[in-house]
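Undergrad: here is my input; please provide its structure:
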Amino acid sequence: MAKGNVIIGLDIGSGTIKALAVYKPKKKERLEVLGFAEEISSGVRKGVVINPDEVSVIIRSVFKKISEKINQNPSRSEGWRKTNVLREINSIYVNVGGSHIFCTGSRGLVSVSRADQKISPEDVERVLQAARTFPLPSNREVLEVLPKEFIIDGEKGIKEVLGMHGVRLEAEVLVLGGFAPYIKNLTEAVLNSGLQINDLVISPISSSRAVLTLREKELGVALLDIGAGTTGLSVFEERDLIHLAILPIGSGHITNDIAIGLKTDIDIAERIKLEFGTSSFQGSDKKEKIKLSEGETLVFSRKQLSKIIEARVLEIFKEVNKELKKISHQQLLPSGVVLTGGGAKLPKIKEFAKREFRLPCRLGRPQGFSSNQEDPRLAAVCGLVLRGLDLESEKAGWGGGFPMSGKGIRHKIKRLFKIFIP
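TA: Next up is the predicted model:
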């Protein structure tokens, strides 16, 4: 079996670090999970790697677990043989997060080079390069350039320009990037663990790949990925990303609020959140009890707990609404809001989101994997392997049941501007 058929995603989050290894049988549409592992995160704060050495240790531990699972549980796939993942497959797809990620628009302009005025791939590459060339603040690094539309001789709204005729070619693009030292910390943590990076994928884009449909992206949709330390927002319209933001607030802040409000430690607060938490309290109040160490018991009110959670969830949603207002899309997304990430598992959060955003709302679960992976908190890591599959299938000419994140020259040119890790 070719090594390239195995795709590995690594999600470095504030709460946990997860890795997923999958195999795509050539004659099957469904991905086969070879191994999944996760460890409690350390050295990561609000989506940013602050201690590369600590993170490297955890990454090595996660990949050791995956390797052991594969060797102990051989796959049903024909032709798959037991192997050591770390020895034979060391190139992975990694997410990059944190509120340092920026999103800005830019425009490029070139003259069509051919004498017959027919637009060539070289013209498209030149205009996108022109759009990418603009002054950046110190220590800022471009990660990706996404074409939104092309303009030929003043005619706007063109998505595919190859073969068309014109004199002047313009491109409207969305430029995504981040704080260079944080990106360096992330890559250092991965490389020091003995792995190589195939691609860095911004977290909300990764989650979007796993849970959004092409129809939702066409009509207009916002994805809200509520992680432990951050909340990622990506907005799509006409299948293109039109806005992205990462907010420095997540479900871990809810846990901290519960610990303070109920005067208990953080582990008990997390347990209370998972067992009794809800973002919308209804009905009569009820006292709950939870046993602590040394025979002690914590008694708390369900109504009090709900108020603590609701205040923080409301704060997150208000910040999201501010971002939607920036692009004039508040309450104007036909496909509504898709909630994913660990915070999306909070009971009644979907109903709360419908009320606050005044839009349709659903929970986003990764599709195309085994049932164990159809969990909102695994959206980012599943999106990473799907993104990897997109690129690998381009190289191998697979095709099939996994639509590309872009089409034709627009997708290929976008890849030219990725930051390559040495």
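Undergrad: lowest average confidence, helix or strand, in this structure?
TA: For the chain, the helix or strand with the lowest mean confidence is helix 408-416, at a mean of 42 (criterion: mean pLDDT, DSSP states H and E).
Undergrad: was I right about residue 132 contacting residue 104?
TA: No: in this structure residue 132 lies outside contact range of residue 104 using Cβ atoms under 8 Å: 11.3 Å. C-beta coordinates here come from the backbone N, C-alpha and C atoms, glycine included.
Undergrad: skipping adjacent residues, who's closest to residue 349 in space?
TA: Take residue 349 and drop its neighbours on the chain: the residue closest to it by Cβ to Cβ, 6 or more residues apart in numbering is residue 279, 4.7 Å away.
Undergrad: ok, which stretches of the stretch 251-400 of the chain are helices?
TA: Listed in chain order, the helices found in the stretch 251-400 of the chain under DSSP state H, counting those that start in this stretch are 251-261, 266-276, 302-326, 349-357, 379-396.
Undergrad: list the helices and strands the shortest one packs on?
TA: Of the remaining helices and strands, those touching helix 349-357 by 3 or more Cβ pairs under 8 Å, 6 or more residues apart in numbering; DSSP states H and E are helix 302-326, strand 337-340, strand 361-363.
Undergrad: pick the most buried one from the ones you listed.
TA: strand 337-340 (a mean of 28; mean count of other Cβ atoms under 10 Å).
Undergrad: tell me the contacts of the residue nearest to residue 349?
TA: 306, 309, 310, 313, 346, 347, 348, 349, 352 (Cβ atoms under 8 Å, 6 or more residues apart in numbering).
Undergrad: sorry, back to before: for residue 139, which of the helices and strands packed on helix 349-357 is the nearest?
TA: Taking Cβ to Cβ, helix 302-326 is the member of these nearest to residue 139, at 23.6 Å.
Undergrad: show me what the closest one is packed against.
TA: For helix 302-326, the packing partners by 3+ Cβ pairs under 8 Å, 6+ apart come out as strand 221-226, strand 231-237, strand 240-247, helix 251-261, helix 266-276, strand 287-291, helix 349-357.
Undergrad: ok, now with 10 Å
TA: Using 3 or more Cβ pairs under 10 Å, 6 or more residues apart in numbering; DSSP states H and E as the contact definition, the elements that helix 302-326 packs against are strand 221-226, strand 231-237, strand 240-247, helix 251-261, helix 266-276, strand 287-291, strand 337-340, helix 349-357.
Undergrad: least reliable of these by average pLDDT, please.
TA: Confidence, taken as mean pLDDT, is least for strand 287-291 of those (a mean of 84).
Undergrad: report the angle between that one and helix 302-326.
TA: Here the directions of strand 287-291 and helix 302-326 differ by 100 degrees (axes from the mean of the first three to the mean of the last three Cα atoms, to 10 degrees).
Undergrad: which neighbours in the sheet does strand 287-291 have, and how are they oriented?
TA: In the sheet containing strand 287-291, the strands it pairs with under DSSP bridges are strand 297-301 (antiparallel).
Undergrad: show residues contacting the partner strand.
TA: Contact partners of strand 297-301, identified using Cβ atoms under 10 Å, 6 or more residues apart in numbering, comprise 258, 261-264, 268-269, 272, 276, 281, 285-292, 307-308.
Undergrad: switch to 6 Å and redo it
TA: 262, 264, 285, 287, 288, 289, 290, 291, 292 (Cβ atoms under 6 Å, 6 or more residues apart in numbering).
Undergrad: tell me the predicted confidence for the second one.
TA: According to the model's per-residue confidence, residue 264 sits at a pLDDT of 91.
Undergrad: now it: closest residue in space, sequence neighbours ignored.
TA: The shortest distance from residue 264 to any residue other than its chain neighbours is 5.7 Å, reached at residue 298 (Cβ to Cβ, 6+ apart).
Undergrad: burial of the one you found, as a residue count?
TA: Using other Cβ atoms under 10 Å, the number of residues around residue 298 comes to 15.
Undergrad: ditto for residue 135
TA: 5.
Undergrad: and it, what are its phi and psi?
TA: The phi and psi values for residue 135, taken as degrees, to the nearest 10, are phi -70, psi 130.
Undergrad: so residue 66 makes contact with residue 35?
TA: Yes: with contact taken as Cβ atoms under 6 Å, residue 66 and residue 35 are classed as touching, separated by 3.8 Å.
Undergrad: got any residues that touch both of the two?
TA: Residues touching both residue 66 and residue 35 comprise residue 21, with contact defined as Cβ under 6 Å, 6+ apart.
Undergrad: between the two, tell me which one has more neighbours.
TA: Each of residue 66 and residue 35 has its neighbours counted (other Cβ under 10 Å); residue 35 has more, 24 against 21.
Undergrad: which one of the contacts of strand 297-301 sits in the busiest neighbourhood?
TA: Highest neighbour count within the contacts of strand 297-301: residue 262, with 19 neighbours (other Cβ under 10 Å).
Undergrad: number of residues surrounding the nearest residue to that residue once chain neighbours are set aside?
TA: Distances taken as Cβ to Cβ, 6+ apart place residue 300 nearest to residue 262, at 5.2 Å, with adjacent residues excluded. Counted by other Cβ under 10 Å, the residues lying close to residue 300 total 19.
Undergrad: mean confidence for stretch 58-68?
TA: Averaged across stretch 58-68, pLDDT comes to 92.
Undergrad: check which residues of that stretch are buried.
TA: By neighbour count with 16 or more other Cβ atoms under 10 Å, stretch 58-68 contains the buried residues 58, 59, 60, 62, 63, 65, 66, 67.
Undergrad: pull the distance from it to the chain's centre.
TA: 22 Å (Cα atoms, centre = their mean, to the nearest Å).
Undergrad: repeat for stretch 172-188
TA: Using Cα atoms, centre = their mean, the offset of stretch 172-188 from its chain centre is 14 Å.
Undergrad: then stretch 149-157?
TA: For stretch 149-157 - counting by Cα atoms, centre = their mean - the centre lies 30 Å from the chain centre.
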